[in-house]
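In: sequence-free structure coming up:
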C-alpha cells in the first residue's frame, strides 16, 4: 500500500465507527426518559428559535453558555420539530463528529493505527455512549466535540502555521467556549503548546506591521463593545425603558459582529499576525472570545449570563476552592478505571502516566496530556462535581490509550511478539464490548456490577456520582399516577421529586389528582421546606431523594411514617437498580 493509502485508511473506518456509535447510542436513548437539564435547555432553545438575538426573558439557567441551544434552535426552525427526539438526534450527530475528530487528532499525532483504535475506544465506550445520546448540556457532548476540534486545529496550525489555520483554530476555540465556559482551560494549554513547539514548513515570523496593528486594534475595540454592551443593557433594564434596552443590546451586538467580520478579514491577510509566539497566542485567545460573543448574540444581549458567570466564578456555592478535591479525584478515577473495563482502565491509567513522562522528550504526547492535566486541576477547584464533567477531555484520554496500544505494536520487533500483543489488544477490546452488552441500554449504570453501592469507601450511586442516577424514572412515576386504573380521582399526590420542569411538561392542567409539588424553582438555589405527607394518598420518591440531589443532603419524608402508613404501589427499575417508588396509603 502506498503512503497515501496508509495515511488515509483511518477515514472510512472512523466514519463507520462514528455512525455505528450514534446508532447504538440512539437506540439506547429510547430507554431513557427526559432528564433535568434536557428540559431546561429545551426551553432555552425554544426561546432562541423565537428570539435568536435576545433569547428567552427572563434568562433561564444563565450560567450556561448557549452554543448547544443555538444549534438546536436552528434545527428546530429548519425541521419544524422541537421534541426531545430531535434534540437527541442533534447530540448524536455531534457525538459522531467527535469520534471522527478524535480519530483525526490521533492520526495527526500518532498515525492511522492509533486513529482507528481511538475511534473504537471512544465510539464504543459506555461512558461516552451514555452522554452522547443526551441533548445539549446535560451530557457535554458539544463540549467534547469542540475541545477536540480546537486542539486538532491548533496542532495543525503549529505544525504548518498560516493565517487561515490560525483563524480556524480561533473559531474552534470560540465554539468550545460557547459550548461550556470551562473551555478557558485551553488558554494556558495553548500557551504552553505554542511556546514549546517548533513549527515546520516555510513559515517566517511576521514583523508587526500596519496590518497587525489593525488586527490588534479591531479585536480590542470588539472586546470593549462585548463588555460594555451587557453593562449598558443591565443599566437600561434597571433604569430605562424596554425600547432603550432593546436598542442598546441589539445595537451593541451588531457592532461586535461587524467588528468580528472585519477582524477576520484582516487576520487572513499577509502580515496580520504578531511576530512573537506569545503575541500570536494572545491574539488567538482574544479573537476566540470576540467570536464567542459575536456568533452567539445572547452572550452580548443578555447581561444575566455575564452576571451569573462572574458570580459563580467568584463565589460558587459559598465553598472554598479545593474543598471537594478528593471527591473529584475519586469520581474521575472511577470513570477511567471502570467505565471501559478494568483491563482497559488500567491501560488508560498507564497511558496517561506514560504521556506525562514522555511529553518532554516526545512532543506528540503533549497536545493530549496537557489538556487532561490542566482540566482535571481546574475541576478540583470547583465546589461541585458532575459525572459528565470529564467528557471535555475524554476523547483526548482515549487518544492516549490508543497511542499506547499502537506503541506496544511498534515496540514489538519480532513478528510473533506482535501477534501476541495484537491478540491481547483484541481480547481487551472484546472484553470491553461484552461488558457493554451487559450494561446496554442502561449505560449510565455501567460498572455497577463491579463496584456495587460503594467506590473507594464512599457511595457510588447518585446524580453526580460514578453510577449516575439522573432524572430517569420521574416521567414513569407521574404517568403512573395520572392513570385512572392506578390512582382514584381527587387523590392527594405529594411529590418529593425535584424535577419541576419535567413534571410541569407532562402533568395535565386538568389532572384528576391533587398534585403537591416539592416547590423548587430554576431561578433560585433556595430549597423550600418539604411538603407534609399527612393526609397524602400517594407519595413519590426518587433514589436521589434517598442519596441526595447532587451534593445536597437526602430529602425524604419521615421514613418511619412512610413505612408504617404506606405500601409500595409501583417501583421504577433500571437494569439491576431500583430508582423510583410510588408509595400508596395502606
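Out: Received, thanks. Computed from a predicted structure; not experimentally measured.

In: Would you state the helices of the stretch 351-500 of the chain in chain order?
Out: Here the stretch 351-500 of the chain has its helices, by DSSP state H, counting those that start in this stretch, at 366-380, 394-411, 415-439, 448-451, 474-481, 500-506.

In: okay, and for this protein, where does confidence drop off?
Out: 1-6, 198-208, 315-320, 522-524 (pLDDT under 70).

In: Near the closest residue to residue 197 other than its chain neighbours, how many other residues are there?
Out: With CB to CB, 6 or more residues apart in numbering as the criterion, residue 197 has its nearest non-adjacent residue at 4.6 Å, and that residue is residue 158. The way it works is simple: take the backbone N, C-alpha and C, and place the C-beta from them, glycine included. Residue 158 has 23 neighbouring residues, counting by other CB atoms under 10 Å.

In: Residue 158 and residue 190, how far apart?
Out: For residue 158, the distance to residue 190 (CB to CB, to the nearest Å) stands at 9 Å.

In: do residue 309 as well
Out: For residue 309, the distance to residue 190 (CB to CB) stands at 21 Å.

In: got the phi/psi numbers for the residue lying closest to residue 454 once chain neighbours are set aside?
Out: Counting by CB to CB, 6+ apart, residue 460 is the residue found nearest to residue 454 once chain neighbours are left out, at 5.4 Å. Torsion angles at residue 460 (phi, psi; degrees, to the nearest 10) stand at phi -90, psi -20.

In: Am I right that residue 460 is in contact with residue 451?
Out: Yes: assessed by CB atoms under 8 Å, residue 460 is found in contact with residue 451 at 5.1 Å.

In: Looking at these two, which one has more neighbours?
Out: Neighbours per residue (other CB under 10 Å) separate residue 460 from residue 451, with residue 460 holding more: 21 against 16.

In: circling back: show me the common contact partners of residue 460 and residue 451, please.
Out: By the contact definition CB atoms under 8 Å, 6 or more residues apart in numbering, residue 460 and residue 451 are jointly contacted by 334, 466, 467.

In: Ranking by neighbours, what's the top pick from those residues?
Out: Highest neighbour count within those: residue 466, with 26 neighbours (other CB under 10 Å).

In: for that residue, what are its contacts?
Out: Contacts for residue 466 (CB under 8 Å, 6+ apart) come out as 331, 334, 335, 338, 387, 447, 451, 455, 460.

In: what's the most distant pair in the residues you listed?
Out: Taking CB to CB as the measure, those span a maximum distance of 13.7 Å, between 387 and 451.

In: ok, so what distance separates the spatially most central residue of the chain from residue 147?
Out: Here the mean C-alpha position of the chain is nearest to the C-alpha of residue 140 (CA atoms, centre = their mean), at a distance of 1.3 Å. Residue 140 is 9 Å from residue 147, where distance means CB to CB.

In: Between those two, which contacts overlap?
Out: Shared contacts of residue 140 and residue 147 (CB under 8 Å, 6+ apart): 179, 392.

In: so what's residue 445 up against?
Out: 439, 467, 468, 574, 575, 576, 577.

In: likewise residue 26?
Out: When the contact criterion is CB under 8 Å, 6+ apart, the partners of residue 26 are 88, 89, 92, 133.

In: go again using 7 Å as the cut-off
Out: 92, 133 (CB atoms under 7 Å, 6 or more residues apart in numbering).

In: Make sure I have this right: it is in a helix.
Out: Yes: under DSSP: H, G, I helix; E, B strand; the rest coil, residue 26 sits within a helix.

In: separation between it and residue 156?
Out: Using CB to CB, one gets 31 Å for the distance from residue 26 to residue 156.

In: For the helix ranked longest in the chain, which helices and strands make contact with it?
Out: Counting residues, the longest helix found in the chain (DSSP state H) is helix 210-239. Applying 3 or more CB pairs under 7 Å, 6 or more residues apart in numbering; DSSP states H and E, one finds that helix 210-239 makes contact with helix 242-267, helix 277-295, helix 298-301, helix 303-314.
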